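S.K.: generate a structure from the sequence data that follows.
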Amino acid sequence: MAPSLDFSNWWPKDARKGTPVVVKMENPNYSVVEIDGPDAAFRPVEKNRGKNAKQVTWVLLLKAHRAVGCLAWIASLFWALLGTIKKRLIFRQDVAMASEKLGKGKLLFTVIKAFLVTSLTILAFEVVAYLKGWHYFRNPSLHIPRSTDIQGLLHLVYVTWLSVRADYIAPPIQALSKFCVALFLIQSVDRMILSLGCFWIKYKKIKPRIEGDPFKSDDVEESAYEYPMVLVQIPMCNEREVYEQSISAVCQLDWPKDRLLVQVLDDSDDESIQYLIKAEVAKWNQKGVNIIYRHRLVRTGYKAGNLKSAMSCEYVQAYEFVAIFDADFQPNPDFLKQTVPHFKDNPDLGLVQARWTFVNKDENLLTRLQNINLCFHFEVEQQVNGVFLNFFGFNGTAGVWRIKALEESGGWLERTTVEDMDIAVRAHLNGWKFIFLNDVKVLCEVPESYEAYRKQQHRWHSGPMHLFRLCLPAIITSKIAIWKKANLILLFFLLRKLILPFYSFTLFCIILPLTMFVPEAELPVWVICYVPVFMSFLNILPSPKSFPFIVPYLLFENTMSVTKFNAMVSGLFQLGSSYEWVVTKKAGRSSESDLLASAERESKIMNQLQIQRGASESELAELNRLKEQKEAAPVSVKRVNKIYRKELTLAFLLLTASVRSLLSAQGVHFYFLLFQGVTFLLVGLDLIGEQMS
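M.R.: The predicted structure follows:
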């Protein structure tokens, strides 16, 4: 007899309640009814049993309506994309062609065009062969037919192409792909180690701390000694949108007025902007802020030349520290009190770097993707390197330097466009240590248009390679430890600045499309799908609210590899654009948490009278004229989109490769190439920076 498997009486929630009642009838015509309790007859009926056919029909109709609505939304989105392509690419309405100033840029575009023409030719040939049943690549057991099996001239050409492809084209592509995959894995391991270091910091709660209250003194007469002399510099150039915000924020820093000096370093070549900045400086000067306006007559060296000129002033010798803020940065009033005390009793400390936070990170898809990258940069890269190595690249702003460290390291040099990284490397070679404060955040902006972001990324990736050429001999001959030299050369420069854009562009934009036309050199699925998704997951961890954008982030990073690779090559070989500086366009965004308080806005009219008293009649007349022009100017300016030819050509190359992947029934490759091609198309048509509803 089989054992009973009824365990219902084990569970307390199913225990029977009440006293069972058994009714027995003498007449067997009636059945026996057993009632467990008074509530047994009134238990709710299952929901599914209560539904009739009409209700099920309505539920199915509702689900079908939702599905049709989703399909209609996708169709409308696709139709809008086609309309935009027609308007911008065919009719050229409100678009401008992105200029190719460099010979190497044109050379890269020519190479990509050659790949596109070749791929279209091979695709047409493969389609004909597929329709005729010559698709030998789909069955590995098939061999190349003998000469007696040749069906005609076209078949002979196809068989010859198979032989040439297998013997001469596939081996070099396979070798290059293996090399790029190896670099990809090395860089992925580096990212994983950084992420594990960040987890360890979070777990152990490791962070720089200030012991006690550095500003509290028992002796009233010596209380001022606790506040060192601090110089604050605001370098700017034609920053009409953000100059007022940055100057206002810096002038409200909580620091003794007699121990603080603000330098507004204006390199603007627009006289109207110069007058506006002078008026803002005059306003805060009337309020008792120790602020100076400086304008160079000879504007050389970009930002490095501006800072070098300001540091050459004689009165700078009286100051011990210098804080630097770009024109769009708005520090909190307690910024100096959170950063400067770290220098106390730490004579080897040369730099204290704060983190950036962004006022416009949710403005559009482009700003959201930038926020993911920069959050990983600060949360993981800067913090881990600061805790375990006491070295990282200076971000150029939102940091406090010990002036002695700047002077002993050679000061600001005008030899590259990454003067911040240059001074950081030279200070590290001189034995100075750095501290990164992840909890101290400074409000700023990220570029909202693709044009501005593209120019910024070009400068950020060409400058390090140019700097690497210049400082490599100094690194080798320096007296620092060998492991520090290896970290600088192998990790800081080669792996994170050179290898990353090289393998990203070569592997996903060149080799992957080629493998569709040369199946003998096929890339494995884990290289295309699993590892990139896992690394994107690690990159997005510091900004968990951005998880819905993980797929666009992965595709957009591969798309930006074209710009980064081009910039890396120009910086490495010192081409014309390696020393090109374009000021990043700002929008002047503000938020509820910024330092432009409502009280400041209300008192602006009252302070205007004081400004007029402190200004000359000519300056006053000029200011009035500028204000009238500003009020009469149109509020909105029509945007002109750009067409980026390299991105568009790569888009069609990837889409062509996706069509070829259908012939070989490679599903993962098809979807990746399709989505990557669409992303290149969106970027090429300047749609990635459009406003989002």
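
S.K.: how about the strands in this structure?
M.R.: Read by DSSP state E, the chain holds these strands, from start to end of the chain: 21-22, 34-35, 95-97, 230-236, 260-266, 291-295, 321-324, 349-358, 399-402, 433-444, 641-643.

S.K.: out of these, nearest to residue 117?
M.R.: For residue 117, the closest of these is strand 641-643, at 19.3 Å, according to CB to CB. C-beta coordinates here come from the backbone N, C-alpha and C atoms, glycine included.

S.K.: parallel or antiparallel, which strands does the closest one pair with?
M.R.: According to DSSP bridges, strand 641-643 forms sheet pairs with strand 95-97 (parallel).

S.K.: is it true that residue 510 touches residue 115?
M.R.: Yes: counting by CB atoms under 8 Å, residue 115 is a contact partner of residue 510 at 7.2 Å.

S.K.: indicate which one of the strands of the chain is closest to residue 281.
M.R.: Proximity to residue 281 (CB to CB) singles out strand 291-295 among those, at 4.4 Å.

S.K.: how many degrees apart are the longest helix belonging to the chain and strand 433-444 in direction?
M.R.: Longest among the helix segments of the chain by residue count, using DSSP state H, is helix 170-204. Direction vectors for helix 170-204 and strand 433-444, defined by axes from the mean of the first three to the mean of the last three CA atoms, to 10 degrees, enclose an angle of 90 degrees.

S.K.: what are the buried residues along helix 170-204?
M.R.: Within helix 170-204, the residues scored as buried using 16 or more other CB atoms under 10 Å are 170, 173-174, 176-177, 180-181, 183-184, 187, 190-191, 194-195, 197-198, 201.

S.K.: which residue, other than its chain neighbours, is closest to residue 672?
M.R.: If the residues on either side of it in the chain are set aside, residue 672 comes closest to residue 528, at 5.4 Å by CB to CB, 6 or more residues apart in numbering.

S.K.: just give me the neighbour total for that neighbour.
M.R.: Taking other CB atoms under 10 Å as the neighbour definition, residue 528 ends up with a count of 22.

S.K.: and what of residue 345?
M.R.: Other residues near residue 345 come to 9 when the count uses other CB under 10 Å.

S.K.: for it, what are phi and psi?
M.R.: According to degrees, to the nearest 10, the main-chain angles of residue 345 amount to phi 60, psi 30.

S.K.: so for it, what's the pLDDT?
M.R.: At residue 345 the predicted local distance difference test score is 89.

S.K.: residue boundaries of the helices in the stretch 51-200 of the chain?
M.R.: With DSSP state H, counting those that start in this stretch, the ranges of helices along the stretch 51-200 of the chain come out as 53-85, 103-131, 153-164, 170-204.

S.K.: and the third one, how far out from the chain's middle?
M.R.: Using CA atoms, centre = their mean, to the nearest Å, we find the averaged C-alpha position of helix 153-164 to lie 46 Å away from the chain's own average C-alpha position.

S.K.: tell me what that helix is packed against?
M.R.: On a contact count with 3 or more CB pairs under 8 Å, 6 or more residues apart in numbering; DSSP states H and E, helix 153-164 meets helix 103-131.

S.K.: how much does the helix it packs on deviate in direction from helix 153-164?
M.R.: Helix 103-131 runs at 120 degrees relative to helix 153-164, counting by the same axes, to 10 degrees.

S.K.: cool, thanks, talk later.
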